[in-house]
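In: take this sequence and fold it.
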Amino acid sequence: MKRQALLAAVAALLASPAWSTTVINHVNGLQVGADGKLQHFSALVIGNDGKIAQVIPVGMMVKLAGVDTVVDGQGKTLLPGLIDGHGHVLGLGFSALQLDLVGTSSLQDLQQRLKAYAAAHPDSRWIVGRGWNQELWPVKNFPTAADLDAMVPDRPVVLERVDGHAVVANTAAMKAAGVSASTQAPSGGRIENGLFVDNAIELVTKAIPDSTPAEYDQALAKAQDILLSYGVTGVGSMSTGLADWNAMKRAGEAGKLQVRLMVYADELKLLPQVPHPTGWLYGDRLRMVGIKFYADGALGSRGAALLEPYSDDPKNTGLLVSAPAHIEDVAERALASGFQVATHAIGDRGNRIVLDAYEKALQAHPTADHRFRIEHAQILNHDDIPRFAQLGVIPSMQAVHQTSDMYWAGSRLGIGRLLGAYAWRSLLNTGVVVPNGSDAPVEAVNPLFSFHSAVSREDAANWPTGGWMPEQRMTRAEALASMTIWPAYAAFQEQIMGSITPGKLADFVILDRDIMTVPEQDILGTSVLATYIGGKAVYERPAGK
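Out: So this is what the prediction gives:
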């Protein structure tokens, strides 16, 4: 009887002349249900409001009479729209338009890319680039001002490390910024041979000419193109500044905002313009959700705050970018204003300080469903792992960081601390959710890299066989949840996105293979065939690709 009643309801819905419908038929529909188990469906019905009207279970036929549009899924895999829980949207766009240093294999490779870019852009007053990682080089020394001067002595050059927590500048850039040999690094920063780490970065970057509104608009458009091509329909947009926010608003007003952006302001700097969280704007494309700021630096630049010294730098315990009292103050002010807080913490000391600050803030302002977040939560002391569940704090992690860092994390931390490194399974076992993301442009934005890392703990070349510390792997259902319903929950949006459910937004992606069943080594060969937002195709793979 249930089957007959469902078929009758679907037929009545589709036959109604007042209801414009689109049917995505004949698909291998997959999603994770509220019980954490994988669900299968074969078709979905989309209303003219851009929301899911009906989900057709496997084995049931859908009546197509009266339907306005029918899309034959040809048996391909359909997933809910992929949500990047932690990305830097304008950073992604700008990085695609500037000097690309991702994957440089040596200092000499960096120098040659810089030289070629300078020759190709003779009118650029400043040369700005991003993506170098000295840990991938045969000689793992940080680049210096002299290294850049040898290639470009006559124009300012500032090149950002892949993690965004260090830049190297040439002499011309330091001169333009007023930096000299006598300049002292601020608290939470470090300067050495043209290298500026964490809180010292702004000493040189403040001199870089501001991008124009037109350049911001171009970067946002480029970022959206990239995101949609990888099936990303929503992003937790971290560290969003005023210029970023204004570019997003301009795109929304012009009807050019497609990706749904859940914005976390750059600390408290946007409060004068946006004093409280907003509702959804521009057709559910943009909303201000919370505040993002930093507790410590990054592991790669030895800025992550550790409880004990670095194993490969015994006099260094990392950097605190924010004082503990400041973290507590921001958390309290956010609670008072209704903002969610997302704090970057990578080292075990950084994570403990944030958990302590959250605990004190919540004691001062008890809030039942605050969903405070710690971004990255990469290195945790064993005693702090259960505190996430106890305090209701969400560990927002990016699985792809583990497969980028595993080659050298042991030398930074030693064997003992690795037991709490990238510890997804240990956290999941306490009952928390672990939303996934890319941290783009720090890592490649393709969410399948994080999916593959989550289930295999292997890099793109499927090394090491069996995975690095494989006991921390996610199941495939958990990995799919981590890029759909969990990041929706982590941004208070689980009622409108994250799954293919009647009444939710019709955001979904069609893939050329079933990532839940193909061998692990074949996951990264998957291609996005189409991306839909609000029931409309916003990306389709070009013919021949």
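In: in the stretch 201-350 of the chain, where is pLDDT below threshold?
Out: By pLDDT under 70, the stretch 201-350 of the chain has no low-scoring segment.
In: what about the helices in it?
Out: Using DSSP state H, counting those that start in this stretch, the helices of the stretch 201-350 of the chain run over residues 202-205, 213-229, 242-253, 324-337, 348-364.
In: can you give me how far the shortest one is from the chain middle?
Out: Translated: helix 202-205. Here helix 202-205 is found 25 Å from its chain centre; the criterion is CA atoms, centre = their mean, to the nearest Å.
In: what sits up against that helix?
Out: By CB atoms under 8 Å, 6 or more residues apart in numbering, the list of residues contacting helix 202-205 from outside reads 158, 167, 169, 173-174, 177, 179, 183, 185-186, 189, 191, 196. No exception for glycine: its C-beta is placed from N, CA and C like everyone else's.
In: can you select the buried ones among those for me in PyMOL?
Out: Per 16 or more other CB atoms under 10 Å, the buried members of those correspond to this PyMOL selection:
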select buried, resi 158+167+169+173+174+177+179+185+189+191+196
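In: Lys256: which of the contacts of helix 202-205 is nearest?
Out: Using CB to CB, Val158 is the member of the contacts of helix 202-205 that lies nearest Lys256, at 29.7 Å.
In: Three-state assignment for the closest one, please.
Out: When classified by DSSP: H, G, I helix; E, B strand; the rest coil, Val158 comes out as strand.
In: need the contacts of helix 202-205 in JSON lines (columns: distance to Val321).
Out: Output for those, formatted as JSON lines (distance: CB to CB, whole Å):
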{"residue": "Val158", "distance to Val321": "19"}
{"residue": "Val167", "distance to Val321": "15"}
{"residue": "Ala169", "distance to Val321": "19"}
{"residue": "Ala173", "distance to Val321": "22"}
{"residue": "Met174", "distance to Val321": "22"}
{"residue": "Ala177", "distance to Val321": "20"}
{"residue": "Val179", "distance to Val321": "19"}
{"residue": "Thr183", "distance to Val321": "19"}
{"residue": "Ala185", "distance to Val321": "12"}
{"residue": "Pro186", "distance to Val321": "10"}
{"residue": "Gly189", "distance to Val321": "8"}
{"residue": "Ile191", "distance to Val321": "15"}
{"residue": "Phe196", "distance to Val321": "13"}
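In: can you tell me which of the helices of the stretch 201-350 of the chain is nearest to Ala481?
Out: Nearest of these (CB to CB): helix 213-229, 20.0 Å.
In: what angle sits between that closest one and helix 242-253?
Out: 70 degrees (axes from the mean of the first three to the mean of the last three CA atoms, to 10 degrees).
In: contacts for helix 213-229 next, please.
Out: 84, 89-90, 92-94, 96-97, 211, 235, 243-244, 246-248, 250-251, 256-259, 445, 528, 531, 533, 538-539.
In: domain ranges for this structure?
Out: 91-205, 213-498 (automatic domain parsing).
In: pick the most deeply packed of the helices of the stretch 201-350 of the chain.
Out: helix 348-364 (a mean of 22; mean count of other CB atoms under 10 Å).
In: which neighbouring elements make contact with it?
Out: Under the contact definition 3 or more CB pairs under 8 Å, 6 or more residues apart in numbering; DSSP states H and E, helix 348-364 sits against helix 324-337, strand 340-345, strand 373-376, helix 387-391.
In: JSON lines please, covering these and showing distance to Lys504.
Out: JSON lines is the format used below for these (distance: least, CB to CB, whole Å):
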{"stretch": "helix 324-337", "distance to Lys504": "27"}
{"stretch": "strand 340-345", "distance to Lys504": "21"}
{"stretch": "strand 373-376", "distance to Lys504": "22"}
{"stretch": "helix 387-391", "distance to Lys504": "27"}
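In: ends of stretch 389-406, what's the gap?
Out: End-to-end distance for stretch 389-406: 26 Å, by CA to CA, to the nearest Å.
In: list the buried residues of it.
Out: 391, 393-406.
In: again, but for stretch 258-278
Out: 258-267, 270, 274, 277.
In: surely Gly318 touches Leu306?
Out: Yes. At 5.1 Å, Gly318 and Leu306 qualify as touching, with contact defined as CB atoms under 8 Å.
In: OK, contacts around Lys292?
Out: 238-240, 264-267, 341-344, 375.
In: on that earlier part again, for the helices and strands packed on helix 348-364, which one sits closest to Ala118?
Out: Nearest of these (CB to CB): strand 340-345, 32.5 Å.
In: what packs against that closest one?
Out: Against strand 340-345 (3+ CB pairs under 8 Å, 6+ apart) you get strand 286-294, helix 324-337, helix 348-364, strand 373-376.
In: and the shortest one, what does it pack against?
Out: Meaning strand 373-376. Using 3+ CB pairs under 8 Å, 6+ apart: strand 373-376 touches strand 340-345, helix 348-364, strand 394-396.
In: reformat the ones you listed as CSV; add distance to Gln134.
Out: What follows is the helices and strands packed on strand 373-376, written out as CSV (distance: least, CB to CB, whole Å):
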stretch, distance to Gln134
strand 340-345, 21
helix 348-364, 22
strand 394-396, 27
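In: minimum distance to Gly103: which of the ones you listed has it?
Out: Of the helices and strands packed on strand 373-376, nearest to Gly103 by CB to CB is strand 340-345, at 24.1 Å.
In: what's the closest one in contact with?
Out: Contacts for strand 340-345 (CB under 8 Å, 6+ apart): 86, 236, 238, 264, 277, 289-296, 305, 321, 327, 330-331, 334-335, 351, 353-354, 358, 370-377, 396, 491-492.
In: sorry, back to before: can you tell me which of the contacts of helix 202-205 is closest to Asp383?
Out: Distances from Asp383 to those, taken by CB to CB, are shortest for Gly189, at 29.2 Å.
In: list the contacts of that closest one.
Out: Contacts of Gly189 (CB under 8 Å, 6+ apart): 196-201, 203, 319.
In: cool, Gly525 as well?
Out: Arg513.
In: switch the cut-off to 10 Å
Out: 448, 512-513, 518-519 (CB atoms under 10 Å, 6 or more residues apart in numbering).
In: can you read off the pLDDT for the residue nearest to Asp369 when sequence neighbours are not counted?
Out: Nearest residue to Asp369, sequence neighbours excluded (CB to CB, 6 or more residues apart in numbering): Gly392, at 7.7 Å. On the pLDDT scale, Gly392 is placed at 98.
In: please apply the same query to Ala65.
Out: Reported pLDDT for Ala65: 64.
In: can you report phi and psi for the nearest residue to Ser106 once chain neighbours are set aside?
Out: Spatial nearest neighbour of Ser106, chain neighbours left out: Trp137 (4.8 Å); criterion: CB to CB, 6+ apart. With angles defined as degrees, to the nearest 10, Trp137 sits at phi -100, psi 150.
In: number of residues surrounding Trp137?
Out: By other CB atoms under 10 Å, the residues close to Trp137 number 18.
In: what's Tyr539 sitting at in phi/psi?
Out: With angles defined as degrees, to the nearest 10, Tyr539 sits at phi -150, psi 140.
In: now do the contacts for it.
Out: Taking CB under 10 Å, 6+ apart as the contact definition, Tyr539 lies against 224-225, 227-233, 258, 509, 528-533.
In: mind doing that once more with 6 Å?
Out: For Tyr539, the contact set (CB atoms under 6 Å, 6 or more residues apart in numbering) comprises 228-229, 531.
In: equivalent analysis for Thr77, please.
Out: 28, 511, 514.
In: quick one: buried ones out of those?
Out: 28, 511.
In: name the element Val128 belongs to?
Out: Using DSSP states H and E, the secondary-structure element containing Val128 is strand 127-132.
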